[in-house]
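Q: Sharing a model that was predicted from the sequence below.
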Amino acid sequence: MHDAATIALAREGDRDSFRRLYEEHRERVYRTAYRYCRSPQDAEDVMQETFIKAFKRLDTYDLRASTSFSSWLLSICINASIDMQHTLPSASPEEIEQEADTLYEAFHAPDGGFYCTVVRWHRPEYPQDKVLASVRGFNKYRT
């Protein structure tokens with residue numbers, strides 16, 4: 001089945017069409033992610049994020065556009081790969097270990113250590129008030 005027909009069906013919620021698109025493009029997306037990330041685990045994460053974003057935004061892909069679906073998908077993959085590079089630590093192994101020790105201590109502190117840990121490690125693009133609200137909501141269920 002041609003991509004256009006498969007995309008049209010996927011937009012309507014057809015799971016087999018989603019699966020076909022995934023199966024047809026996953027290897028190329030993975031290879032692209034791996035070229036940027038240089039780590040199999042990170043490439044897998046980027047590939048997963050790419051397909052989630054693509055399927056959520058499938059209605060924004062213009063079937064009549066000169067850009068192929070594969071090119072559109074790879075642009076999402078490249079952006080996700082670049083985003084991942086921004087979230088990776090740039091410190092030395094010793095600094096990372098020291099930071100991990102600090103976080104471990106904060107996490108186990110009786111005065112809301114979990115709260116401190118989550119706020120400190122949330123992605124920078126998330127608004128802090130939303131992170132705080134999420135933590136407060138989660139803390140309701142902590143024992």
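A: Yep, that arrived.
Q: Show me the longest helix that occurs in this protein.
A: What stands out as the longest helix in the chain, according to DSSP state H, is helix 15-37.
Q: what comes up buried for that helix?
A: Counting neighbours by 16 or more other CB atoms under 10 Å, one finds that the buried residues in helix 15-37 are S17, F18, R20, L21, H25, V29, Y30, T32, A33, Y34, Y36, C37. From N, CA and C alone the C-beta is placed, and that goes for glycine too.
Q: how close does the nearest residue to the third one once chain neighbours are set aside get to F55?
A: Leaving out its chain neighbours, the residue that sits closest to R20 by CB to CB, 6 or more residues apart in numbering is T6, at 5.2 Å. Distance, T6 to F55, using CB to CB, to the nearest Å: 12 Å.
Q: Pick out whichever of the two has more residues nearby.
A: Neighbours around T6 and F55, counted as other CB atoms under 10 Å, are more numerous at T6. The numbers are 19 against 14.
Q: ok, the more buried one touching Y22?
A: No - under the criterion of CB atoms under 8 Å, T6 lies out of contact with Y22, with a separation of 10.4 Å.
Q: Check P40 and give its pLDDT.
A: At P40, the predicted lDDT confidence score is 89.
Q: Pull the contacting residues for it.
A: The contact partners of P40, taken as CB atoms under 8 Å, 6 or more residues apart in numbering, are Y34.
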